[in-house]
Every structure is written in structure tokens, then in C-alpha cells.
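Asks: build me a model from this:
(chains A, B, C and D)
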Number of protein chains: 4
Amino acid sequence: VSEPGLPEQHEVPPDLERVIFFSDAVFAIAMTLLVIDLAVPTAADMTNQELLKNLRDLGPSIFSYALSFAVVGSYWLAHWRRFHYIERTNEPLALINLALLGLVALIPFPTAVLGAHGNLPAAVVLYAVVLSAGGIVGGLSWLYAYRAGLCRPDVDTRELRLGLMRSWSGPVVMLASLPLLFVSTTLTELSWLLIFPAQVVLRRM
Amino acid sequence: VSEPGLPEQHEVPPDLERVIFFSDAVFAIAMTLLVIDLAVPTAADMTNQELLKNLRDLGPSIFSYALSFAVVGSYWLAHWRRFHYIERTNEPLALINLALLGLVALIPFPTAVLGAHGNLPAAVVLYAVVLSAGGIVGGLSWLYAYRAGLCRPDVDTRELRLGLMRSWSGPVVMLASLPLLFVSTTLTELSWLLIFPAQVVLRRM
Amino acid sequence: VSEPGLPEQHEVPPDLERVIFFSDAVFAIAMTLLVIDLAVPTAADMTNQELLKNLRDLGPSIFSYALSFAVVGSYWLAHWRRFHYIERTNEPLALINLALLGLVALIPFPTAVLGAHGNLPAAVVLYAVVLSAGGIVGGLSWLYAYRAGLCRPDVDTRELRLGLMRSWSGPVVMLASLPLLFVSTTLTELSWLLIFPAQVVLRRM
Amino acid sequence: VSEPGLPEQHEVPPDLERVIFFSDAVFAIAMTLLVIDLAVPTAADMTNQELLKNLRDLGPSIFSYALSFAVVGSYWLAHWRRFHYIERTNEPLALINLALLGLVALIPFPTAVLGAHGNLPAAVVLYAVVLSAGGIVGGLSWLYAYRAGLCRPDVDTRELRLGLMRSWSGPVVMLASLPLLFVSTTLTELSWLLIFPAQVVLRRM
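Replies: Numbers count the residues shown, from 1 in each chain, chains lettered A, B, ... in the order given. Model (predicted):
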């Protein structure tokens, strides 16, 4: 009942297991810290009407929370899938992975800027650049693992290409959307939602 | 000496193990971030009387900390029990699990709003809706795992139904309590404590 | 070369492993969140003298950071040692463990209050009560595991008693120190350092 | 295809595994908390120009984020490599490791001070001292593990010396740079970048 194309796994050596769990911890914390930007309206003796208005004003922050959670979640899924096929690690792969985690850990920052200033092009560009960098480095880690012979023997160039397309589809959508800034920041941000159907299409391949 | 109805476990494949530990990390961080809302009274040169008064004023925040910790804890216990019976994973299950984690990671936000404005219906509704969504999606993940054949062969429809009842008892209590808002916010919040005896009854079944 | 009294371990079943790693995550986050209370002096255009003075003023906060880190660290060590001897889990043990984690996750709050108001008895009592509660519940989890037959067969009542003394030595020191508040808050806090030699003595036994 | 000098690994006993994963969690959280210091410019109705200026003003904070991420990352890599060769643990090693983690968890604090006041010698000294302490204690844990016979039988004094040099190269660079403070704080901070080529050279050895 396992998915087609996701073959059985064997033992994971402790070194590799540690790289994976360390990555999971960084992903989990970055995803959970996103919520810190949802600042609670704290004025004492607020009326129900005022609280409702305050919650409505948090709309853009909640959009950027959900968007970042979905993007980081898709990066985690890509990481999870890549390491399904990687059966050994070495220090260069651990280093590339650290670079990826450094970008993932940074994501709460552009997310907060986008939540506060989503109508400003600078916030949109910052967000697109940081999140794209994460996707690009993620793809590089997969490319390196393949070239260095750290993948399982049954991974072929088709699998390699598919993994790269999955990793880089997010960056391609985000960077390609930037010219839309001349039209509207809202349109640019909404165009990023194309990442998710793109992922579904790639997963079917 | 293991509990009746909790049969022996076997090897967990690395893919599934990673989904589980990633979930544990998100649960752990969300539970620990709840404490951040307990803002420390920082005015310098405070007297002991003033500090005591400040700590007493934190009462509602401490109530919402304890309530959220207990609810998220019960979600974690439900997750722990579900994955006792799940022996394989696939990408759709990992995705549903991510959606659940996105809701769990959000919980510090409604908790903080409830701690600051527990007397306002909007805060109570926000809290009940977000926490119920977590419980509902948790149950859906269990339903999906069963339907997709990812559970152990000895899981039958009785086990399925019991798991759904455990997952959905919290949402049912919380959503059913909302009409009590026409009476009192305090009464509504206190009625949520019914979740815990309900869990105990279901566990006995 | 392993320590006397710390016998070999065997396989850990997945259920128990998950309880342990979830606990580790909560301990790790609670310990790391302690640092958030070390508020950075942010006034722009500060002179070196002013920064030095600000850092010196953080002295009490750094003391409470180090104290809490050491206490939580000793709780983690006690947890680590207890679960060396526990070979199965059940839902009641997972629940008692959750209660322990709820207290551990709370520790950054009394730590921050103590850092800001270490000269006020209310801050000292709050700190002693929350940290003692953690130690007491930790001991209860060990007592429960023993009584419920979840420990390895080679754990005898001597081991049980030693584990309880290790778990409860912190609470005993802290609660017994409270009468010293009539003399001085500083003396009370310094007396807590007795926990660490007490641990060493107990470890030798 | 594994690196020369990084021999095969065998089973990791549960006790040791727990020390490792607990360490990973603390490293991961400390690295991720670094981003909290990147305070979002929140003034409402900011223009794009003002946001750009605010982001440029964050330059020093972003430098200290990247520097700390890289240093903590190199400490994690050193930890990862050390525990590749350690095959057993005992309480003293767990304790030394806790002391290391207490210093790692502290790193967000000097990082924030350096980001806010990088032009002040006190901030530079604080940063160099805390980060060096982490590196020094990391080396001590390796020295202890070797002396206590907790390493694999194939670890010889050459491996020991190399591990110590890797652990202590960061502290040596940082502490040796402090006299540069009489010239310039910027120069002192830039000199720390020498840590990374030093690591590369040592890894080749």
C-alpha cells in the first residue's frame, strides 16, 4: 500500500540519523516560531467589538503565517523524501544541510516583515529571496548527495531530476513572480499559491 | 503488565519514525511556547505586595496555560496512541499530519488571547475553534490511515471508532459549549474541563 | 568502563522511545527559553561604560539563568537515569510524565520573576514551589513505574529508594530553605546551591 | 564513498542516543532562537523607502546572526564528529555535555548584544568569551571521553589531538583576536572569519 515510486527502506546509520533528526528539530522550531509574530492585542478592558477588529487586523499576519507554514512544510516534505533515498552521509553533505537549516531558521524573520508590511515591495522581495534560497540549497543538497554517491543504488537520473524539480519549483514560482510587483503586491503574493498545485503535479510524475 | 488493548509493537520504519519525531518536536515546542504568554511584571523597585498582586492578576493567564497544556497534552497522547497502531506512512498521511501540526503550532496564539481577554466572547470562540480544528484533523489522520491500509492488520473498526471518539471528544465538548456564551464566558470555559473525564471514560472502553 | 550500578541496556520499544524523546524535546526547549529573559540593553548610541553597567545589572538574571539551567539539567539527568531502568510504558506513566513536562515547561516563568525580583520573598517562594513541584512529580513517576511493574526485573527497592532520594533532594532543600526568608532572600537562594553537593553524595551511594 | 578517516559505525546504545538527541535539540533551538533578535520594524504605514532603510540598519544584526549560526553550526559538526567515535556514555560525560549545552543555549544572548552594540568593546569581549567557553568545554568532553575509555577502540592519540584542535581552534582565534580591540572592533570581528578556513585545514589533516 506504499506509494508507487517510494521503495522500501533499510537501516539508517546513526550518523545519518542524527543529521536527519537535527534537521527535523530545526524545521519544527522554525515552523513553531512563526506563531510568535501573531501579536496578541493586549490593551486591558477592551470591548468585544475592539477585540474582533484587532483580530481582523491580524488577517495579513495570519495569511503570512499560513503561507510560511505551508512553504516550510513543503520544504520539510522534500527533505523527508530526499533522505528516504540517501543512505549515507559525510561532512560536506552535513555542511550543505546546515546551510539549508540556517535559511530555514531565518524564515520567521521575512514572514514577520511580510505580515507587517505585505503591501510594500521590499517586504515581498525579502520574503521571496529568503524562501527561494532555502529551496535552492535544498535542491543542491540532493544534487551533491547524488554526485557523491551517497544515495541508494536504485536512484537514477530520473529520480534525481524529479527531486530537483520538486525542490526548485517553489523558488522558480517565487522569483518568476517578482515582475508582478509592478502590478500589485497582493497579486504577487497570491501567485505564490501556485507552488502547491505545482507540487501535486510533480508528485504525480 | 502492558495495558489491555495496547498490543506489542514491532520495528518502526525510518520514514514513519521521522514523521513521528518531527510531530513530537512540534508538539513539544508548541507546549513550551505557551509559557511565553506569562509576562513577568518587570517594573523595577516593586514591593512584595505589588508583586503578589501582579501574580494574582496573572491568574487567568495561568488558567489558560494549564488548560492549553492539558489539551495539547491530550492531543499528543492521542497522536502517540494512533501511531502505536500505524505501521507505515505515505505522503498524504505526512501531509495531513503537517496540517495537524500547523494547527498545534498555532495554539499559543488563541491561548494568549484567552489569557488576556477571557471575559470576551470573541476570545472564547477563537480558542474553541482553533483547538477543535486540531482535534478534528487529528481524527481525520486516523481515519485516513485506516482507510489507506497503513494500520497494523489487527486494527479493526472498533479500534477505528474508539480512536475517532477519543480524537473528537474535545472538539465536541468545545463546540457544544459555545451556546453557553449567552450565559457566561467563565461557565463556557469551565465546561471544557469535561474533556478530561470524557477522555478517562473513553480510555476505559 | 561503564559506571558501577548502571547495567547494560537492551532494545527500547518504540512507544517508550517516543515518550523519552518527547520529554527530551520539552526539557531542551525549556532550558533554552531561559535565555530569553536575558533582555539585551537596546538603547542606541550607548557608550561602552553604559553597556558594562547594563551587563553588570543583569547579574541577578544571569544567576537565575545558571541556577535554573543547573536545576533543570539535574532533573533531566534524573529523568535520563530513571528511564535507563524503565523498560515499558503505559498511558498512566505517559500522563504522569506529561504533568512533569508541564511543570518543566513552566520553569522559565518563575526564573524570569526571580531574575527581576530576587529580593522579594514572593518571587523566591514562587520559584521554590514550581521547581519543587517538578522534582516531586518526577519522583512520583519513578514510584509509579516501579509499582506498575514497568521497570527492569533487576531493579530492587534499594534502587527505588535511591531514585526517590535523588528526585526529592532538590524539593527538600528548596522547601526547607523557605524559613530562611525571615533572615534574607539572598541567603535562601544561596542555600539552594546545596542541591548540587547533595546530588553528588547520592550518586556515590 | 564515505570520507577517509570516518570509519563505519555500529549500534548506539539507548543511553548514549538520548544524550545525543537531547544535545541536538538544544543546538537546534539555540540556533533557531538567534533569529528572534532580528526585530521586525513594526511602525504602521511605513513607506517602502523607510522599510528598506530599516532593513539596511539590521545589517549588523544579520551579520551577528550569520556568524553565530556558523559558529554554533561548527560546534554542532564537532559534536557530531566526536560522538561518531564515542560508543558509551556515563554520568560524568552527560554532565560535561550539559555544561556545554548550557553555554550553547546562552549564545543567543551575546549574539543579540553584539548585533545591537557591535561597535563597543564590551560586546565583543562578551561574545568572544561565551563562544570560546563553549568550544573549550566541547574539547574537554572529548578529552574526558577518551581518558575514561568511552571511545571506540580504534581511536588513538592522533585522533584525540585532531579532535581537540578542531574544538579549540575557534576559542584560540577568538581569544587571540581580543588585542585587536585596541585597533578596531570591526577588525576584531572580521578576524573571527579565520575560524572557517582553519576548520577546513584541520579537516584535511
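Asks: quick one: low-confidence residue ranges for chain A.
Replies: Counting by pLDDT under 70, chain A has low-confidence residues at A:1-12, A:42.
Asks: can you pull out the helices in it?
Replies: Along chain A, counting by DSSP state H, helices occupy A:14-33, A:48-57, A:59-85, A:91-106, A:108-117, A:121-147, A:157-177, A:185-191, A:195-204.
Asks: quick one: check the fourth one for contact with chain B.
Replies: No - shown here: helix A:91-106 not in contact with chain B (C-beta under 8 Å from any C-beta of the partner chain), separated by at least 12.9 Å. C-beta here means a position set from N, CA and C on the backbone, and glycine is covered the same way.
Asks: again with the first one
Replies: Yes - against chain B, helix A:14-33 shows contacts by C-beta under 8 Å from any C-beta at A:17, A:20, A:21, A:24, A:25, A:27, A:28, A:29, A:31, A:32, A:33.
Asks: wait, does that helix contact chain D?
Replies: Yes - Helix A:14-33 reaches chain D (C-beta under 8 Å from any C-beta) through A:14, A:15, A:18, A:19, A:21, A:22, A:25, A:26, A:29, A:30, A:33.
Asks: can you tell me the closest non-neighbouring residue to the residue of chain A found nearest chain C?
Replies: With C-beta to the nearest C-beta as the measure, residue A:25 is the residue of chain A nearest to chain C, at 7.6 Å. Leaving aside its sequence neighbours, residue A:25 sits nearest to residue D:28 (C-beta to C-beta, 6 or more residues apart in numbering or on different chains; 3.5 Å).
Asks: also residue A:152?
Replies: The nearest residue in space to residue A:152 (C-beta to C-beta, 6+ apart) is residue A:87, at 5.0 Å.
Asks: quickly note the distance from the one you found to residue D:85.
Replies: 21 Å (C-beta to C-beta, to the nearest Å).
Asks: what's near enough to touch the most centrally placed residue in chain A?
Replies: Closest to where the C-alpha atoms of chain A average out (C-alpha atoms, centre = their mean) is residue A:72, at 2.8 Å. Shown in contact with residue A:72 (C-beta atoms under 8 Å, 6 or more residues apart in numbering or on different chains): A:27, A:30, A:31, A:34, A:104, A:107.
Asks: how about residue A:117?
Replies: Neighbouring residues of residue A:117 by C-beta under 8 Å, 6+ apart: A:123, D:41, D:46, D:51.
Asks: recalculate using a threshold of 7 Å.
Replies: A:123, D:46, D:51 (C-beta atoms under 7 Å, 6 or more residues apart in numbering or on different chains).
Asks: returning to that earlier point: quick one: the residue nearest to residue A:25 and residue A:23 touch, right?
Replies: No - contact criterion C-beta atoms under 7 Å: residue D:28 and residue A:23 do not qualify, at 8.5 Å.
Asks: of those two, who's got more company?
Replies: Between residue D:28 and residue A:23, residue D:28 has the larger neighbour count (other C-beta atoms under 10 Å in any protein chain shown), namely 29 against 25.
Asks: from chain D, how far out is residue A:123?
Replies: For residue A:123, the distance to chain D (C-beta to the nearest C-beta, to the nearest Å) stands at 6 Å.
Asks: no, scratch that, I was asking about residue A:158
Replies: 21 Å.
Asks: any idea how far that residue lies from residue A:146?
Replies: 12 Å.
Asks: cool, and residue A:13?
Replies: 18 Å.
Asks: compare the two (neighbour count), which wins?
Replies: The residue with more neighbours, out of residue A:13 and residue A:146, is residue A:146; 21 against 15, by other C-beta under 10 Å.
Asks: once you drop chain neighbours, what's closest to that one?
Replies: residue A:160 (4.9 Å).
Asks: and that neighbour, how many neighbours?
Replies: Neighbours of residue A:160 using other C-beta under 10 Å come to 17.
Asks: backbone phi and psi for the residue of chain A most remote from its centre, please?
Replies: Relative to the mean C-alpha coordinate of chain A, counting by C-alpha atoms, centre = their mean, the farthest residue is residue A:45 (39.4 Å). Backbone geometry at residue A:45, expressed as degrees, to the nearest 10, gives phi 50, psi 40.
Asks: in contact with it, which residues?
Replies: With C-beta under 7 Å, 6+ apart as the criterion, no residue contacts residue A:45.
Asks: roughly how far does it sit from residue A:189?
Replies: 35 Å.
Asks: for residue A:166, same thing?
Replies: 22 Å.
Asks: next: residue A:20.
Replies: Using C-beta to C-beta, one obtains 32 Å as the distance from residue A:20 to residue A:189.
Asks: cool, and residue A:44?
Replies: 34 Å.
Asks: show the contacting residues for the residue of chain A found nearest chain B.
Replies: Of all residues in chain A, the one sitting closest to chain B is residue A:28 (3.5 Å; C-beta to the nearest C-beta). Going by C-beta under 7 Å, 6+ apart, residue A:28 touches B:22, B:25, B:26, B:29.
Asks: what do you get for residue A:125?
Replies: residue A:178.
Asks: can you check residue A:108 too?
Replies: A:30, A:33, A:34, A:37, D:35.
Asks: could you check how far the closest residue to it other than its chain neighbours is from residue D:25?
Replies: Leaving out its chain neighbours, the residue that sits closest to residue A:108 by C-beta to C-beta, 6+ apart is residue A:33, at 4.6 Å. Residue A:33 sits 15 Å away from residue D:25 when distances are taken as C-beta to C-beta.
Asks: so those two - more neighbours on which side?
Replies: Using other C-beta under 10 Å as the criterion, residue A:33 and residue D:25 rank with residue D:25 on top: 30 against 23.
Asks: in contact with the closest residue to residue A:164 other than its chain neighbours, which residues?
Replies: Nearest non-adjacent residue to residue A:164, counting by C-beta to C-beta, 6+ apart: residue A:139, 5.0 Å away. Residues near residue A:139 by C-beta under 7 Å, 6+ apart: A:164, A:167, A:168.
Asks: now do the same contact list for the closest residue to chain D within chain A.
Replies: Residue nearest to chain D within chain A (C-beta to the nearest C-beta): residue A:25, separated by 3.5 Å. With contact taken as C-beta under 7 Å, 6+ apart, residue A:25 is in contact with B:25, D:24, D:25, D:28.
Asks: is it correct that residue A:164 is in contact with residue A:142?
Replies: Yes - using C-beta under 7 Å, residue A:164 is in contact with residue A:142, at 6.4 Å.
Asks: between those two, who's got more neighbours?
Replies: Using other C-beta under 10 Å, the more surrounded residue of residue A:164 and residue A:142 is residue A:142, with 28 against 16.
Asks: quick one: that one from residue A:196, how far?
Replies: 20 Å.
Asks: got it, and residue A:146?
Replies: When residue A:146 is compared with residue A:196 (using C-beta to C-beta), they lie 26 Å apart.
Asks: before we move on, what about residue A:161?
Replies: Taking C-beta to C-beta, one finds residue A:161 at 21 Å from residue A:196.
Asks: again, but for residue A:152
Replies: Taking C-beta to C-beta, one finds residue A:152 at 28 Å from residue A:196.
Asks: next: residue A:188.
Replies: Distance from residue A:188 to residue A:196, by C-beta to C-beta: 16 Å.
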